[in-house]
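Trainee: Return atomic coordinates for the entry below.
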Amino acid sequence: MVSRFGIRCVRLSRCRMATCMVAAVAIVYMATATAAARAQLSPESMPVAIEGQPSTSEAGLLDDAADVGQAVGVIALLFLWWQIRRAAKDVRDARAVSYQERFGDREFRSVTSRTLAFLDANDAADCVRKLRAWLTARWADEECLPRTPPLDHARPARNDIQQTIGFFESVGTVFNRGDLTREVIVDTFATVPVQIFTTGWWFICFRRSGELMEETETFREYERLVRYIRRAKPDLRATWKPAAKIRVLCLPKLGGRAPASAWTRCEVLSQVLSTRIDAAPGDDIQRFHSGLIELRRAVDHVAAGGSAGEPLELTLLGIPSDLEMTAARWSGTRSRLDNLAHRLSDLGSDGVDQVSRRLGAEPIGAAAKTPPPAAGVTAIIDLRLGGAGKRAAFDALVADLDQLDQAMHVTGRFDYRVRATCADTAQLHDLVLRLETELDALESETRVVLDAP
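Mentor: As a prediction, this is how the structure comes out:
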């Protein structure tokens, strides 16, 4: 539906164009009249007095007429210029109003709401979970993406995110070209494009493969629009910023084809590394420098001791919190991230687990548990499960058992090793029986700890 203001802009444009045509005809007419008057001033066409000289009075009248014609022509030309400018502004106003009306459409507002629910992430691990859902969606309109806060209904689809960001990229294109009235955009719906861009900054960095605005055309016009609005409205600049707690996203190179265990390890490493970087002092470059030094030391330590496990190729995507970051400043940090990603990939799955633990992560499958009794029986239980799909069952059971102190995925004949503290041997027997039964273990081996340093 076109608003009354939009219809008025179109009508005014038509009226002004008609006025411009009249002014143009007037200019042509006055130019012709002026030329004719000038021609009358030539000696051949001037009236001759008694003594053979031109009549002074008639020459003066013709000269005055020529001057008046020139003045009227200049005025008409200025009026024509003003009318063209006004007509162009009416067109820009009408275009801005059309975008405003599309944005205000109820259906589009619903799409925007679902998009924000997907882009709003609690932490780096939440971003990895959402990217996994994005990459494993079976079709673009499948409503399968997670949202914050979690809901089973009104879940976003990939098309929702693409439609919303694509709309603001389109607005940014005409906005930056000056093809619409900027004041209408800034004064009517400036908040939402800034909110979506800053909330989804981690996703935009992912879609750009880590490149910044000056290096890629992906969402470039949208970012230029956001930067203009943030300069024009300092309150929005202070309110909406990229989340500082999302610093690094560790992702499997296989993307949607990667196994669940690879995505779980990426969640853990992304979270612990982002926490380390965010806790460091200084600006973006200084924080990343400190955090990546810790990561390099952890990788060096694990690599020196040797590692094994399943192959696991990773990428590390850095997320600068400063939207004004330049490629020249960021290139060094990006190079270090790429180098450490290659080194992490060489360690394999077990090596990545060890690096995460050295940085402060909980072992995979560990959860908050009540402290075990000070005295009792401590045992090491090795389990061989076999078959696919056992990892999820193991993680769920480990999180439910208070007697377990530690759970590890190991190499060798067994798949998992747990350390448990029980009140007595009877409780230990029940624990081993439960592990074997609920996990359908192919083999188990239990050893009692006699002494621990």
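Trainee: Spell out the residue ranges of the strands in this protein.
Mentor: Per DSSP state E, the chain carries strands over the ranges 248-252, 314-318, 377-384, 404-409, 416-422, 443-448.
Trainee: ok and the second one relative to strand 248-252, angle-wise?
Mentor: With axes from the mean of the first three to the mean of the last three CA atoms, to 10 degrees defining the directions, strand 314-318 sits at 160 degrees from strand 248-252.
Trainee: Name the residues that touch stretch 188-195?
Mentor: Identification of contacts with stretch 188-195 by CB atoms under 8 Å, 6 or more residues apart in numbering yields 100, 103-104, 112, 116, 168, 171, 222, 225-226, 229-230, 232-233, 236, 240. Backbone N, C-alpha and C define where each C-beta goes, glycine included.
Trainee: Show me how far that stretch is from its chain's centre.
Mentor: Its chain's average C-alpha position is 15 Å from that of stretch 188-195, according to CA atoms, centre = their mean, to the nearest Å.
Trainee: again with stretch 190-205
Mentor: Put simply, stretch 190-205 sits 6 Å off its chain's centre (CA atoms, centre = their mean).
Trainee: May I have it as CSV, with CA atoms only?
Mentor: Output in CSV follows, covering the C-alpha atoms of stretch 190-205 (Å, rounded to 0.1, in the frame of the first residue of the first chain):
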residue,chain,number,x,y,z
ALA,A,190,17.8,3.6,12.0
THR,A,191,17.8,1.5,15.1
VAL,A,192,16.9,-1.9,13.6
PRO,A,193,19.6,-2.1,10.9
VAL,A,194,22.3,-1.2,13.5
GLN,A,195,20.9,-3.7,16.0
ILE,A,196,20.9,-6.5,13.4
PHE,A,197,24.3,-5.7,12.1
THR,A,198,26.0,-5.5,15.5
THR,A,199,24.2,-8.4,17.0
GLY,A,200,25.0,-10.6,14.0
TRP,A,201,28.6,-9.3,13.6
TRP,A,202,29.9,-12.8,14.3
PHE,A,203,27.7,-14.2,11.5
ILE,A,204,28.7,-11.5,9.1
CYS,A,205,32.4,-12.3,9.8
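Trainee: average pLDDT across that stretch?
Mentor: In this model, stretch 190-205 has a mean pLDDT of 93.
Trainee: And for stretch 270-281?
Mentor: 92.
Trainee: do the same with stretch 225-243
Mentor: So the average pLDDT for stretch 225-243 ends up being 91.
Trainee: repeat for stretch 135-152
Mentor: 88.
Trainee: start to end distance for it?
Mentor: Stretch 135-152 has its terminal residues 19 Å apart, counting by CA to CA, to the nearest Å.
Trainee: about what we covered before: any idea which of the contacts of stretch 188-195 is closest to E443?
Mentor: Nearest to E443 among the contacts of stretch 188-195: L116, at 49.6 Å, using CB to CB.
Trainee: What is the neighbour count of that closest one?
Mentor: L116 sits with 20 neighbouring residues when counted by other CB atoms under 10 Å.
Trainee: and it, what is it in contact with?
Mentor: Applying CB under 8 Å, 6+ apart to L116 gives the contacts 195-196, 199.
Trainee: Can you tell me which of these are buried?
Mentor: 195-196, 199 (16 or more other CB atoms under 10 Å).
Trainee: V355: neighbour count?
Mentor: Applying other CB under 10 Å, we find 28 residues neighbouring V355.
Trainee: what's the nearest residue to it if we skip its chain neighbours?
Mentor: Of all residues not flanking V355 in the chain, A298 sits nearest, at 4.6 Å (CB to CB, 6 or more residues apart in numbering).
Trainee: and that neighbour, how many neighbours?
Mentor: For A298, the neighbour count with other CB under 10 Å is 23.
Trainee: And C127, by the same measure?
Mentor: 27.
Trainee: Make residue 1 into 14 and carry on from there
Mentor: From this message on, residue numbering opens at 14, which makes the last subject C140.
Trainee: That one and W214 touch, don't they?
Mentor: No: with contacts counted by CB atoms under 8 Å, C140 stays clear of W214, the gap being 10.4 Å.
Trainee: For G331, list each beta-bridge partner.
Mentor: V261 (DSSP bridges).
Trainee: shouldn't it be in contact with S348?
Mentor: No: between G331 and S348 there is no contact under CB under 8 Å: 10.3 Å.
Trainee: Flag every buried residue along stretch 243-255.
Mentor: Neighbour count says stretch 243-255 has 243, 246, 249-250, 253-255 buried, by 16+ other CB under 10 Å.
Trainee: Take that stretch, keep the C-alpha atoms, and write them as CSV.
Mentor: Provided in CSV are the C-alpha atoms of stretch 243-255 (Å, rounded to 0.1, in the frame of the first residue of the first chain):
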residue,chain,number,x,y,z
ARG,A,243,26.4,5.3,14.0
ARG,A,244,28.1,8.6,13.2
ALA,A,245,24.8,10.5,12.8
LYS,A,246,23.4,9.0,16.0
PRO,A,247,26.0,8.6,18.8
ASP,A,248,23.4,7.1,21.1
LEU,A,249,23.0,4.1,18.8
ARG,A,250,26.8,3.8,18.6
ALA,A,251,27.0,3.6,22.4
THR,A,252,24.0,1.2,22.7
TRP,A,253,24.6,-1.3,20.0
LYS,A,254,28.1,-2.9,19.7
PRO,A,255,29.4,-6.3,18.7
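Trainee: what sits up against it?
Mentor: Against stretch 243-255 from outside (CB under 8 Å, 6+ apart): 199, 203-204, 207-208, 211-212, 214-215, 242, 332-334, 336.
Trainee: Apply 7 Å and report the result again.
Mentor: Residues outside stretch 243-255 that contact it (CB atoms under 7 Å, 6 or more residues apart in numbering): 199, 203-204, 207-208, 211, 214, 242, 334, 336.
Trainee: which of the strands of the chain sits most buried?
Mentor: For the strands of the chain, the largest average neighbour count (mean count of other CB atoms under 10 Å) is found in strand 261-265, namely a mean of 25.
Trainee: Quick one: mean pLDDT over that one.
Mentor: Per-residue pLDDT values over strand 261-265 give a mean of 95.
Trainee: Kindly report the same for stretch 421-438.
Mentor: Rounded mean pLDDT across stretch 421-438 is 85.
Trainee: Any idea how far that stretch is from the middle of the chain?
Mentor: Between the centre of stretch 421-438 and the centre of its chain there are 42 Å (CA atoms, centre = their mean).
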